[in-house]
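J.: Any chance you can model this:
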Amino acid sequence: MSVRLAAASPADTETASTSATKKVSLVSLGCPKNLVDGEVLLGDLARAGFSITAEHEEADAILVNTCAFVEDAKAESLEAIVEAAGLNADGKRRQVVVTGCLAQRYGPTLASDLPEADLVMGFQAYGGLPAALAQRLGMPVSSSSSDAGSNEPSSSSRVQVGDATVPFRPEWDRHRLTPRHTAYLRVAEGCNHACTFCAIPGFRGKFRSKAWGAVLEEAERLVASGVVELNLIAEDTNQYGQDRRDGRGLAQLLCELSALPGLRWLRILYAYPSYFDDELVAEIATNPKVCKYIDMPLQHINNLTLLAMNRPPQAHTKALLAKLRDNIPGLALRTTFITGFPGESDEAHRELVDFAREFRFERAGAFAYSEEDGTPAAELPEQVPQRVRQRRRDELVQVQQGISEAFAASLVGQEIDVLVDGENEDGWLFGRTQWDAPDVDPIVFLSEPPASAAAGIAPLQVGQMRRCRVSGTSLFDLEAYPVE
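T.: Down below sits the predicted model:
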């Protein structure tokens, strides 16, 4: 999970500084799909005459864009809502607007339990947020606020939720919260799978691919604004296009996007362990702009546990992993596992740990199982005690830490491309390799080259892609300096 405060990216400076009568800030929780939703909402508000601020104390309204993936995420979201409302103790009356998955999933109940929330808004109502907020703040509504082409409910009530499966709205004209040089590109939304532990299909809706032309237009506009890295996101990214059956899937999309001048990296996030046909594998392997990185949540490897989860069986997973490793040179695989799923025996857990230790995923995370309302797994017998779930998660994380440290050490002495992301509080520039997604993976600490090798080397700048030599490690992170 990540928390972002609304802040002006370089591309949004003019919009953010426009004089307006009311100011809005944002707390964004959860995944990049939620982040894109937040960016689009802020874009709608800016066009309607609101000013975007990163300071909640200055705001007249605070948007809390919530996550409802697991219990910890829900608890964090509830805490953020209460914290936002608590700012009103200074005597200034700020509107607290709750959006995101928690609002979509629990709208009426959430509003009943949290009187602090002035407006609870689900996905179908997003296009109507500027008008609804303007009404509550007593300001005129710009005509541009109704240009989103949405089919939002017309109700002006405190709770506006609507359907989970909603059409796409244009997402290119958004208030970016990511650095100027990197962006998320949503290619699909929703999910048709029936994993027994997951409630996402119930509040994110059915799987639907974004129209081909809309994806390309958004990508072109993002790259024209200075983006050099596009991170492709969806519930199942590699299922893109299969609901249309027009012969244009993720492989064709990667090929088309890679033709954009100025774009350097395309990254695949959240791929399902299916839909990897030979054409897609070959495109990843041979397209120089496609990062040799795949984020593919597997959840487990024990067959009985996978069966209970309603996930692909072990044989399929192992065959796919071998195919990817054999056919994509330099591939880094990221996955996530669930520990303590109902009925998971000690033997099943040991099989998972042994598998992680032997396969050696370059990147991996683990979650302790969380019972989700309305899911079949929550009703299964043999619920594993919470302390056992967490102990198993901690063991898996410890194993992965050693693997990640070894992977970092293996890169020392090599020359690799690094995208310079920013500067930390200590004044160190940092960046990422093609094997590191934003916010979730290790980083590269960058320094100036040694005096003996500094001749002709230009200073590092944020947003650059630079060839660097890895000089050391700091646990999973790398230390490097530019050589070109």
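
J.: drop to CA atoms for contacts and neighbour counts, all remaining ones
T.: OK.

J.: Helices of the stretch 351-484 of the chain, residue ranges please.
T.: 386-410 (DSSP state H, counting those that start in this stretch).

J.: where are the low-confidence patches of it?
T.: Scanning the stretch 351-484 of the chain for pLDDT under 70 picks out the ranges 452.

J.: ok, 90 please
T.: 373, 424-427, 448-457, 484 (pLDDT under 90).

J.: quick one, strands of it?
T.: 363-368, 415-423, 429-432, 444-446, 465-474, 477-482 (DSSP state E, counting those that start in this stretch).

J.: same question, the stretch 201-350 of the chain
T.: Ranges of strands within the stretch 201-350 of the chain are 208-209, 229-233, 265-268, 290-295, 332-339, based on DSSP E, counting those that start in this stretch.

J.: sorry, back to before: can you lay out the strands of the stretch 351-484 of the chain as a markdown table showing mean neighbour count and distance to Ala251?
T.: Formatted as a markdown table, those follow (neighbours: other CA atoms under 10 Å; distance: least, CA to CA, whole Å):
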| stretch | mean neighbour count | distance to Ala251 |
| --- | --- | --- |
| strand 363-368 | 21 | 23 |
| strand 415-423 | 19 | 24 |
| strand 429-432 | 22 | 24 |
| strand 444-446 | 24 | 29 |
| strand 465-474 | 19 | 25 |
| strand 477-482 | 23 | 31 |
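
J.: out of those strands, which comes closest to Pro167?
T.: strand 363-368 (31.3 Å; CA to CA).

J.: What is the distance between that closest one and the centre of its chain?
T.: 15 Å (CA atoms, centre = their mean, to the nearest Å).

J.: before we move on, what about stretch 460-478?
T.: Worked out by CA atoms, centre = their mean, stretch 460-478 lies 23 Å from the chain centre.

J.: Show residues contacting that stretch.
T.: 180-181, 228, 401, 404-405, 407-409, 411-423, 429, 442-445, 448, 479-484 (CA atoms under 8 Å, 6 or more residues apart in numbering).

J.: now stretch 391-401
T.: 338-340, 349, 353, 356-357, 360-361, 363-368, 476.

J.: can you tell me which two in the residues you listed are farthest apart?
T.: Gly340 and Phe476 (26.2 Å).

J.: Counting neighbours, go ahead and name the busier of the two.
T.: Gly340 (26 against 19; other CA atoms under 10 Å).

J.: Not counting sequence-adjacent ones, nearest residue to the more buried one?
T.: Arg389 (4.2 Å; CA to CA, 6 or more residues apart in numbering).

J.: what's near enough to touch Ala458?
T.: Here Ala458 is in contact with Glu484 (criterion: CA under 8 Å, 6+ apart).

J.: quick one, phi psi at it?
T.: Backbone torsions of Ala458, given as degrees, to the nearest 10, read phi -70, psi 150.

J.: measure it to Ile294 for me?
T.: Relative to Ile294, Ala458 is positioned 32 Å away (CA to CA, to the nearest Å).

J.: How about Arg94?
T.: Counting by CA to CA, the gap from Arg94 to Ile294 is 42 Å.

J.: Same check on His193?
T.: Distance, His193 to Ile294, using CA to CA: 20 Å.

J.: unless I'm mixing things up, Ala366 is touching Gly340, no?
T.: No: assessed by CA atoms under 8 Å, Ala366 is found out of contact with Gly340, at 10.6 Å.

J.: what's the neighbour count on Asp426?
T.: Counted by other CA under 10 Å, the residues lying close to Asp426 total 6.

J.: swap that for Cys101, please
T.: For Cys101, the neighbour count with other CA under 10 Å is 26.

J.: Which residue ranges of the stretch 201-350 of the chain form helices?
T.: 212-224, 250-257, 278-286, 303-309, 314-327, 346-359.

J.: could I get the ones you listed as a markdown table with distance to Glu76 and mean neighbour count?
T.: Below are the helices of the stretch 201-350 of the chain laid out as a markdown table (distance: least, CA to CA, whole Å; neighbours: other CA atoms under 10 Å):
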| stretch | distance to Glu76 | mean neighbour count |
| --- | --- | --- |
| helix 212-224 | 31 | 17 |
| helix 250-257 | 34 | 18 |
| helix 278-286 | 36 | 17 |
| helix 303-309 | 26 | 18 |
| helix 314-327 | 33 | 14 |
| helix 346-359 | 28 | 16 |
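
J.: can you tell which of those helices is closest to Ala85?
T.: helix 212-224 (34.4 Å).

J.: give the contact list for Lys289.
T.: Ser258, Leu263, Arg264, Trp265, Leu266.

J.: Go again with 6 Å.
T.: Each residue near Lys289 by CA atoms under 6 Å, 6 or more residues apart in numbering is listed here: Arg264, Trp265, Leu266.

J.: Tell me how far it lies from Gln104.
T.: 36 Å.

J.: got the domain boundaries for the chain?
T.: Here the domain assignment for the chain is 2-160, 182-410, 415-482, based on automatic domain parsing.

J.: picking up where we left off before, more crowded one of His193 and Ile294?
T.: Taking neighbours as other CA under 10 Å, His193 and Ile294 compare with Ile294 leading, 22 against 16.

J.: just checking, that one touches Leu333?
T.: Yes: applying CA atoms under 6 Å as the test, Ile294 and Leu333 come out as touching, 5.2 Å apart.

J.: separation between Lys33 and Glu425?
T.: As judged by CA to CA, Lys33 and Glu425 stand 27 Å apart.

J.: Of those two, which one has the most company?
T.: Applying other CA under 10 Å to Lys33 and Glu425 shows that Lys33 carries more neighbours, namely 19 against 6.
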